[in-house]
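>>> Mind folding the following:
(chains A and B, ligands or ions: 1)
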Amino acid sequence: MQSPPLLGGLGGAKMSKTLVEKIWDAHVVKSEEGFPDILYIDTHLIHEVTSPQAFDGLRKRGLPVFRPQQTVATADHNVPTLNQLLPIKEELSRYQVDMLTKNCAEFGIELYGLGHPFQGIVHVIGPELGITLPGKTMVCGDSHTSTHGAFGAIAFGIGTSQVEQVFATQCLLQSKPKTMKIEVNGELGKGVCAKDIILYIIAQISAAGGTGYFIEYAGSAIESLSMEARMTICNMSIEMGARGGLIAPDQITFDYIKGRKFAPAGQDWDKALVYWKTLYSDADAKFDSVLTFDAADIAPMITYGTNPGMGMGIQENIPATTAQPEKEQLSYQKALDYMGFDDDASLIGKPVDYVFIGSCTNSRIEDLREVADFVKDKRKADNVTVWIVPGSKQVEQQAKNEGLDKIFEAAGFQLREPGCSACLGMNEDKIPAGKYCVSTSNRNFEGRQGQNARTLLASPLTAAAAAVTGVITDVRELLEKVEG
Amino acid sequence: MKKFTKLTSAVVPLNIENIDTDQIIPARFLKATTREGFGENLFRDWRYNSDNTPKPEFVMNNPTYSGQILVAGKNFGCGSSREHAAWAIQDAGFDVVISSFFADIFKGNALNNGLLPIQVSEDFLKQIFTAVENNPEITLTVDLENQTVAIEGKVLPSGEDLGGAENFEINAYKKSCLINGYDDIDFILAQKDLIEEFEKG
Ligand code: SF4
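This is a model prediction of the structure:
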């Protein structure tokens, strides 16, 4: 695959700009008063669910895919996580995956489908293959495309009509977003993960608090995170309504990219690096909104409701309905009823039925290592079913190479094959009605993990703690015991 | 794309906030490879029991309410980017969705399909809900050209006027697309030369 166009200099950079503005301006094909910008898209990722109608649209218009080499496909949403090499049992899922194969062949698109060593969740494979790079514009018919922003890219989710637009033109009509800076400073406490940071931010500003904005995460707590942890943060930007989220690339970013399959190499690397080092918000750049948080205030988080904004520190009690704005009380009560929770209740000690460790939020090798490290020499509680679903074939392979599979097996955790799985329950991996699932995924909407399933979002560590104890547990207490 | 200029219709009120796309069209119904037929699964799990019998308490199953305008609480369409949500609403016969706040991607998807999302003030939204509650037969008139939405003034038994109107915002380009039935692809395709020039750097 070709490396991204290195969009020369920054046009004199006369005004100070935010990182978003720098990347945006370098990709504007045309900007006209009263119209959205025509924005050039470097990389288009596609999967089986949101692409078939777009391919159909192209056929109806008699158009080819304009830049097939800048398009990468994988099958992830629908795929089984057991016996992936057997034909998919469910007819409609099989048909959708077959359609993707057929469409990619017809339009000349590279497909990392079932059985391919690069197959995986679209937002996991982009970064691990070195397709995701700083300064790029990237889109996918999937709202968690914001994940790729962790590398200092403008990456966002689009609908199927827009997928068709990018197929046809490699461009999108987009109005320039507003920008928000979210700074998290200081040091995280023991047992507190990147997932807790983002769940905390969403709980603070609500599930709609970022609407209309592109968010840049900054501050010492963010800068100290690994690339995979940064991806967890950017991934959930959409859960506060933001168009996307990104983090300025730094040495941690460059070290992560170097040597990956499709990353630039040799002279191209040197050239790319020069450009990437210009990718930061200028010191006096103006954001439309700035929020600051202190890492020390963040505890392991858990959600108690049916949108990701309904989260709290694990030791807290569920906020009372009467404490909500009057207009929102009905919806709030409906959410608690769905979850089977009461006002003011604590969740500590509450039995759980399932633990799902996976999804584009937390299914990378570091997540699996963290969980393995914690469960080593422990066993899951009898009342809990534990699924570990790696984000990609490469993650799965690496977990096996490192012997993590043995640790999981000994703990009674089931390591499955890669896919979206119980994150959205489109394949067979569904949480049964009424059951509680502590999940490392990103959405706790009604029915998201299966009809009437009840989802509690948490970090991989908090999920692992629930798996071992069988109840909602403050993971810090278990960590202390080991050390004490 | 479907054209839109003006519509007068009764409304279907759904006074719930943060309605996410998993409620609008649950993931298990996303397996179709065409755009048609999603309407029957719109709000599936709110509308039907697991044995597929309708839930009488859900507004779409209540014959008192009908019409081409869906009115919903704040932050409508949050969550996934699935355009199937817009297709399902349209396929179920709606041409307009009114809320006091829309999630970005949903709004874009709706506009790209000729489904008009209208953002009104919290107060006006409340006024609409109150009006429908009192008289399910009230109608709204949506005039895209003039960017207005009006409650057609029916009067309560108490004599109180339920009418009211508000202007709404819409991007001028999107407005002309809706009125003329053009879509973004037509617009960008006309500028292909510019794109190729851009690629050369
Ligand atoms: S893992 Fe979940 S959130 Fe991520 S792409 Fe798949 S379905 Fe979407």
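
>>> buried sites along the lengthiest helix in chain B?
In chain B, assigned by DSSP state H, the helix with the most residues is helix B:122-134. For helix B:122-134, the neighbour count (16 or more other Cβ atoms under 10 Å in any protein chain shown) marks B:124-125, B:127-132 as buried. All C-beta spots, glycine's among them, are computed from the backbone N, C-alpha and C.

>>> So which residues of chain B form helices?
B:21-24, B:44-47, B:84-91, B:104-111, B:122-134, B:172-180, B:184-189, B:192-200.

>>> Say whether chain A is contacted by the second one.
Yes. Using Cβ under 8 Å from any Cβ of the partner chain, we find that helix B:44-47 touches chain A at residue B:45.

>>> cool, the longest one as well?
Yes. Figure legend: helix B:122-134 in contact with chain A (Cβ under 8 Å from any Cβ); contacting residues B:122, B:126.

>>> which ones are touching residue 136?
Since no chain was named, I'll use chain A. A:4, A:23, A:42-43, A:148, A:151, A:153-155 (Cβ atoms under 8 Å, 6 or more residues apart in numbering or on different chains).

>>> nope, chain B
B:10, B:64-65.

>>> Pass me the low-pLDDT residue ranges in chain B, would you?
B:153-162 (pLDDT under 70).

>>> can you do 90?
B:1-3, B:50, B:134-135, B:137, B:152-164, B:182-183, B:186, B:201 (pLDDT under 90).

>>> and what of the stretch 101-250 of chain A?
In the stretch 101-250 of chain A (pLDDT under 90), no residue qualifies.

>>> Around chain B, pick out the residues from it.
A:141-143, A:157-162, A:164-165, A:168-173, A:175, A:207-208, A:211-212, A:241, A:243.

>>> Just the buried subset of the residues you listed, please.
With neighbours counted using 16+ other Cβ under 10 Å, those contain these buried positions: A:141-143, A:157-162, A:164-165, A:168-173, A:207-208, A:211-212, A:241, A:243.

>>> how about the nearest residue to residue B:192, chain neighbours excluded?
Leaving aside its chain neighbours, residue B:192 sits nearest to residue A:169 (7.0 Å; criterion: Cβ to Cβ, 6 or more residues apart in numbering or on different chains).

>>> hang on, isn't the one you found packed against residue B:188?
Yes. Look at residue A:169 against residue B:188 with Cβ atoms under 8 Å: they come within range, at 4.5 Å.

>>> Find the residues that touch each one of those two.
residue B:195.

>>> Can you give me the distance of the residue nearest to the spatial centre of chain A to the ligand?
Nearest to the mean C-alpha position of chain A, by Cα atoms, centre = their mean, lies residue A:235 at 3.1 Å. The gap separating residue A:235 from the ligand is 8 Å, by Cβ to the nearest ligand atom, to the nearest Å.

>>> Spit out the contact partners of that residue.
Taking Cβ under 8 Å, 6+ apart as the test, what residue A:235 contacts is A:123, A:144, A:146-147, A:198, A:360-361, A:442.

>>> make it 6 Å
Contact analysis of residue A:235 by Cβ atoms under 6 Å, 6 or more residues apart in numbering or on different chains lists A:144, A:147, A:360-361.

>>> Assumed it was part of a strand.
No. Secondary structure of residue A:235 (DSSP: H, G, I helix; E, B strand; the rest coil): helix, not part of a strand.

>>> Spatially nearest residue to it, not counting backbone neighbours?
residue A:147 (4.2 Å).

>>> Check the spacing between the one you found and chain B real quick.
Distance, residue A:147 to chain B, by Cβ to the nearest Cβ, to the nearest Å: 13 Å.

>>> Kindly report the same for residue A:40.
For residue A:40, the distance to chain B - Cβ to the nearest Cβ - is 6 Å.

>>> What about residue A:328? Give its phi and psi, please.
Reported as degrees, to the nearest 10, the phi and psi values for residue A:328 are phi -90, psi 0.

>>> Give the burial count for it, as a bare number.
16 (other Cβ atoms under 10 Å in any protein chain shown).

>>> Count the neighbours of residue A:87 for me.
There are 10 residues near residue A:87, going by other Cβ under 10 Å.

>>> so what's the nearest residue to it once chain neighbours are set aside scoring on pLDDT?
Once flanking residues are discounted, residue A:87 sits nearest to residue A:94: 6.5 Å by Cβ to Cβ, 6+ apart. For residue A:94, the pLDDT comes out at 94.

>>> hmm, back to that, return only those of the buried ones among the residues of the stretch 101-250 of chain A next to chain B found close to the ligand.
Filtering those for proximity to the ligand by Cβ under 6 Å from any ligand atom leaves residue A:142.

>>> Let's see which of the buried ones among the residues of the stretch 101-250 of chain A next to chain B end up in strands.
Residues of these located in strands (DSSP state E): A:157, A:171-173.

>>> ok so, going back, would CSV of the buried residues of helix B:122-134 with distance to the ligand be doable?
Below are these laid out as CSV (distance: Cβ to the nearest ligand atom, whole Å):
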residue, distance to the ligand
B:124, 34
B:125, 30
B:127, 37
B:128, 33
B:129, 32
B:130, 37
B:131, 38
B:132, 35
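
>>> quick one: which of these is nearest to residue B:20?
Minimum distance to residue B:20 across these is 18.3 Å, recorded for residue B:125 (Cβ to Cβ).

>>> Can you tell me, leaving aside adjacent residues, what's nearest to that closest one?
Leaving aside its chain neighbours, residue B:125 sits nearest to residue B:100 (4.4 Å; criterion: Cβ to Cβ, 6+ apart).

>>> picking that back up, for residue A:32, which of the helices of chain B is the nearest?
helix B:172-180 (9.2 Å).

>>> could you give the angle of that closest one to helix B:104-111?
30 degrees (axes from the mean of the first three to the mean of the last three Cα atoms, to 10 degrees).

>>> From the chain's centroid, how far away is the host helix or strand of residue A:368?
For residue A:368, the enclosing helix or strand under DSSP states H and E is helix A:365-375. A distance of 18 Å separates the C-alpha centroid of helix A:365-375 from that of its chain, computed with Cα atoms, centre = their mean, to the nearest Å.

>>> again, but for stretch B:91-99
Relative to its chain's centre, stretch B:91-99 lies at 4 Å (Cα atoms, centre = their mean).
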